[in-house]
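J.: give me a model of this one.
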Amino acid sequence: MRVDLHNHTILCNHAIGTVEEYIKKAIELEIDVYGFTDHAPMDFDPKYRMAIEHKEFYESTILHFKKKYEKDINILLGYEVDFMQNIPMLDEVLNAKVDYLIGSIHFLESKKDTDSNEPWGFDNPEFIGKYKKKNIDDIWIDYFEAVRLLAKCGKFDIVGHLDLIKVFKFLPNKDIKSIAYDAMKQIKQSNMVIEINSAGLRKPIEQPYPSKELLELAFDLDIPITFSSDAHNVDQIGFAYDDVTSLAKQIGYSKCIYFTNRDKIEVAF
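T.: Below you'll find the predicted structure:
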């Protein structure tokens, strides 16, 4: 079975193509389960996310096309939610009637001893210079502490692009597995899933998220996986699917997860 659970719509303001175009492409690629998880509304960084007034339209649109194409493909409804410690998530999103929620870290919140109190959008090329202003190991440690807290909060089903912090190839000096270990243990304890997200292959790092090392650690910890292309346009749907599934099989995985009404469903891939 082919599963692709992390994909966007034009409502996030940085994707192109209609919902129906995405679905038709997914059907063409013989994807069996396809999930829309647009960037959820939040009272922060409106340039890169859905507005709260579009929430009902988004949900009704996905459900409309789910019904229209139910004989051809299983369409799922979800959100990708930014987890931040000091900026609250919206109850309207966390309590929405969806199939699943992806929790992601796109921002690192500054400590009091830094030069700015503004959250740092570390995967945005506009702010890449900040990598050179702080010890790279500290950046990675801060990132995976945020991932640990994301998992501990118990609000999400999937951890989005687990090691997104590597996007621009600023890699730690310390062992990556040791930096991520506590976060990974919490992911397991919180009964969460990690996605193998092929979008990293389109980025400077030219690797899927997570790396092979972290995927090996996930396998050792018995953390289940799912697959995502993180498509922001139609051409990215199902991107490098054979590559990421081959990687998963090489490590030892043979099954993946999708969700219905927040319940896990395990299938062979």
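J.: in its sheet, which strands sit next to the longest strand seen in the chain, and in what direction?
T.: Ranked by residue count and defined by DSSP state E, the top strand of the chain is strand 74-82. Here strand 74-82 has these sheet partners by DSSP bridges: strand 33-39 (parallel), strand 100-104 (parallel).
J.: per-residue confidence averaged over it?
T.: Average pLDDT, strand 74-82: 98.
J.: put the alpha carbons of it into CSV.
T.: The C-alpha coordinates for strand 74-82 follow below in CSV (Å, rounded to 0.1, in the frame of the first residue of the first chain):
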residue,chain,number,x,y,z
ASN,A,74,-8.7,7.2,0.6
ILE,A,75,-8.4,11.0,1.3
LEU,A,76,-7.6,12.0,4.9
LEU,A,77,-8.0,15.3,6.7
GLY,A,78,-5.5,16.7,9.1
TYR,A,79,-3.4,19.6,10.1
GLU,A,80,0.3,20.3,10.6
VAL,A,81,0.6,22.3,13.8
ASP,A,82,3.5,24.3,14.9
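J.: and the nearest residue to Thr9 once chain neighbours are set aside, how far is that from Ala26?
T.: Once flanking residues are discounted, Thr9 sits nearest to Asp38: 4.9 Å by C-beta to C-beta, 6 or more residues apart in numbering. No exception for glycine: its C-beta is placed from N, CA and C like everyone else's. Going from Asp38 to Ala26 by C-beta to C-beta, to the nearest Å gives 15 Å.
J.: that older thread, beta-bridge partners for the residue nearest to Thr9, please?
T.: On the basis of DSSP bridges, Asp38 is bridged to Tyr79.
J.: residue contacts, it?
T.: Going by C-beta atoms under 8 Å, 6 or more residues apart in numbering, Asp38 touches His8, Thr9, Leu11, Cys12, Ala15, Met50, Tyr58, Tyr79, Glu80.
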